[in-house]
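**Student:** Here is a sequence with its predicted model. Questions after.
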Amino acid sequence: MEKTEVKQLLQDPEHYRDREIEISGWVRSNRDQKAFGFLALNDGTHFHSIQVVYERETLADYPRISRLRAGSAVTVRGVLATAPGARQPWEIKAREVIPEAEAPEDYPIQPKRHTREFLREVAHLRPRTNLFAAVFRVRSLAAFALHRFFQERGFVHVHTPIITASDAEGAGETFRVTTMDPLDPPRTHRGEVDYSRDFFARKTNLTVSGQLEAEAFALAFKKVYTFGPTFRAENSNTSRHAAEFWMIEPEIAFAGLEEDMELAEAMIKDVVGYVLAQAPDEMNFFNEFVDTGLRERLQQLLQARFARVTYTRAIELLQQSGQDFSYTPSWGQDLQSEHERYLTEQVFQKPVFVTDYPREIKAFYMKLNPDGRTVAATDLLVPGVGELIGGSQREDRPEVLEERMRELNIDPAELDWYLDLRKYGGVRHAGFGLGFERFLMYITGVNNIRDVIPFPRTVRSCHF
RNA sequence: UCCUCGAUAGCUCAAUGGUAGAGCAUCCGGCUGUUAACCGGAGGGUUGUAGGUUCGAAUCCUACUCGGGGAGCCA
């Protein structure tokens, strides 16, 4: 008797053929007939379930086993054999089926198609479905591939803080972190809330980005990356926004925008290639049931050289397109979603870096170009998802940086440490932020961010 | 936050002003290789909530709640 797992069995079935094995997992479906029955058993190690055949003649407690409902857990002892005339080549002929835990009749996951909306309401059970088993295995593999990509290139992984005091990054609304009594906070003599008596003796919030801290480490280790949770308290009601999501933020020193884009392109191709190779069953499932163009699009991505276009040129292309946009493209305005989609899906038909945006529509830390009108920023637009990456070369001239901060009403005193980085050996450097969930949407074809996060947190929704 | 669509059995959906139904799931029975098995039977409903119109409301009106899609903000 050998304890084993479905993944091992299906990787090398000949090795296990006719051998006594033991396997434990959950029942996906159970069909019994007069003399025998079939369990579809999934043990979580493999996308596919394995079929278990049990016979009335040889199984002592056949009536009980034949009534086991989907969701029940069992241990099966038997031999691996080829399945006659069956859809799957291998099955287990059970000698013994031991119920480990039975699921009552109100188990919500049926062997049928469920809507994603319903499954979100049972997020604790949805990883037992084909779709979510595939999504979350791919999520795990993609996370590993990202670490591997950076580690193999000598990048140092930085754990940037989750709680921060910098309120000046301009990356959206923040969640306040406090231990004060909301009904009766300490107050100053003028009646204002006195944050100096809060836990950290100042106003603090959950991080909206690890970039500024990553820059500090890039100016010591030369190549670093962060990979962690990020929090935005924005009232965004879309399929692409969550209040809690994960970001990858590489930062490289002695490098500019060109190197930044090369890094982003290599990273995306590496991870997509890894997932395609490591999760063929999951990717086949997405291609068949989620997005029938997925495989072709990802294969093209691996082959294609990502396009590069300046913001100024992109505006020209949009203006000359003859398209009837809801918003007329004009220089100085941010690109609308419809413009981004048109560029990546129609004009280039592949991922495209848009570079050198007007300074007025980008953040204070981005390097001012010699033309004085644009900054060395880039957004990577991809078909289907839109903006996947936002990056830039960082402003490394202290006087220009400080001037930009004053322009945008950011108090330089609050970010004195950030200005120090320019003061002491602050070479040119660049970086970008990749929204991990948006990347997963792109890889899997799943079109709602709530379905690529195990337990999603969005506006007015924080269950589980 | 704005625009738009929706909410009926555990799930997916019918019923468009006149007796709330089907498929799946569940339960019972049948079936000698099933695989979204099949065949027969049974149970299962305050039609999202609160008001209103009407002889009569799942259906029409108002508000609210929740959800989908789109926009803005962004990753």
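**Tutor:** Sure thing, it's come through. Since we're looking at a predicted model, the values are computed, not measured. Numbering: from 1, shown residues only, chains lettered A, B, ... in the order given.
**Student:** what about A:S29, helix or strand, and which?
**Tutor:** strand A:20-32 (DSSP states H and E).
**Student:** okay, that strand in CSV with CA atoms only?
**Tutor:** C-alpha atoms of strand A:20-32 as CSV (Å, rounded to 0.1, in the frame of the first residue of the first chain):
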residue,chain,number,x,y,z
GLU,A,20,-1.9,-1.1,-4.7
ILE,A,21,-2.2,2.6,-3.9
GLU,A,22,-3.9,4.9,-1.4
ILE,A,23,-5.3,8.3,-2.3
SER,A,24,-7.2,10.9,-0.4
GLY,A,25,-9.3,13.7,-1.9
TRP,A,26,-12.8,15.3,-2.4
VAL,A,27,-15.7,13.9,-4.3
ARG,A,28,-16.5,16.0,-7.4
SER,A,29,-19.3,13.7,-8.5
ASN,A,30,-20.7,10.3,-7.7
ARG,A,31,-22.8,8.1,-10.0
ASP,A,32,-24.0,4.7,-8.9
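**Student:** which helices and strands sit right next to that strand?
**Tutor:** strand A:2-3, helix A:6-11, strand A:36-42, strand A:73-82, strand A:90-101 (3 or more CB pairs under 8 Å, 6 or more residues apart in numbering; DSSP states H and E). Any C-beta I mention is one placed from the backbone N, CA and C, and that applies to glycine too.
**Student:** which residues are contacting the second one?
**Tutor:** This points to helix A:6-11. For helix A:6-11, contacts defined as CB atoms under 8 Å, 6 or more residues apart in numbering pick out A:16, A:21, A:23, A:25, A:41-43, A:45-46, A:48-50, A:80, A:90.
**Student:** Could you pick out the buried ones from those?
**Tutor:** A:Y16, A:I21, A:I23, A:G25, A:L41, A:N42, A:D43, A:H46, A:S49, A:I50, A:L80, A:W90 (16 or more other CB atoms under 10 Å).
**Student:** What degree of burial does A:L146 show, as a neighbour count?
**Tutor:** Using other CB atoms under 10 Å, A:L146 has 24 neighbouring residues.
**Student:** Can you point out the buried residues in stretch A:251-270?
**Tutor:** For stretch A:251-270, using 16+ other CB under 10 Å, the buried residues are A:251-253, A:255-257, A:260-261, A:263-265, A:267-270.
**Student:** meant to ask about stretch A:133-150, not that
**Tutor:** For stretch A:133-150, burial by neighbour count (16+ other CB under 10 Å) applies to A:133-139, A:141-143, A:145-146, A:149-150.
**Student:** can the residues you listed go into a markdown table with extra columns for secondary structure?
**Tutor:** Conversion of the buried residues of stretch A:133-150 to a markdown table gives the following (DSSP: H, G, I helix; E, B strand; the rest coil):
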| residue | secondary structure |
| --- | --- |
| A:A133 | helix |
| A:A134 | helix |
| A:V135 | helix |
| A:F136 | helix |
| A:R137 | helix |
| A:V138 | helix |
| A:R139 | helix |
| A:L141 | helix |
| A:A142 | helix |
| A:A143 | helix |
| A:A145 | helix |
| A:L146 | helix |
| A:F149 | helix |
| A:F150 | helix |
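**Student:** Can you lay out those residues as a markdown table showing distance to RNA strand B and pLDDT?
**Tutor:** Putting these into a markdown table (distance: CB to the nearest atom of the strand, whole Å; pLDDT from 0 to 100) gives the following:
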| residue | distance to RNA strand B | pLDDT |
| --- | --- | --- |
| A:A133 | 16 | 95 |
| A:A134 | 16 | 96 |
| A:V135 | 15 | 96 |
| A:F136 | 17 | 97 |
| A:R137 | 21 | 97 |
| A:V138 | 17 | 97 |
| A:R139 | 14 | 97 |
| A:L141 | 20 | 98 |
| A:A142 | 15 | 98 |
| A:A143 | 15 | 98 |
| A:A145 | 18 | 98 |
| A:L146 | 14 | 98 |
| A:F149 | 17 | 98 |
| A:F150 | 17 | 98 |
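**Student:** Any idea what A:P99 is bridged to?
**Tutor:** On the basis of DSSP bridges, A:P99 is bridged to A:V74.
**Student:** Next one, pLDDT for A:M441 please.
**Tutor:** On the pLDDT scale, A:M441 is placed at 95.
**Student:** wait, it sits on A:V452?
**Tutor:** Yes - the criterion here is CB atoms under 8 Å, and A:M441 meets it with A:V452 at 5.8 Å.
**Student:** And the closest residue to A:G44 other than its chain neighbours, how far from RNA strand B?
**Tutor:** Once flanking residues are discounted, A:G44 sits nearest to A:G25: 6.8 Å by CB to CB, 6 or more residues apart in numbering. Using CB to the nearest atom of the strand, to the nearest Å, we find A:G25 at a distance of 16 Å from RNA strand B.
**Student:** okay but A:G25 is in contact with A:G71, surely?
**Tutor:** No - using CB under 8 Å, A:G25 is not in contact with A:G71, being 11.4 Å away.
**Student:** Show me which residues of the stretch 201-350 of chain A are close to RNA strand B?
**Tutor:** Listed as neighbours of RNA strand B in the stretch 201-350 of chain A under the rule CB under 7 Å from any atom of the strand: A:209, A:232, A:234-243, A:245, A:247, A:327, A:334, A:336-338.
**Student:** Show me how to select, in PyMOL, the buried members of those.
**Tutor:** To isolate the buried ones among those in PyMOL, judged by 16+ other CB under 10 Å, type:
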select buried, chain A and resi 209+232+240+241+242+243+245+247
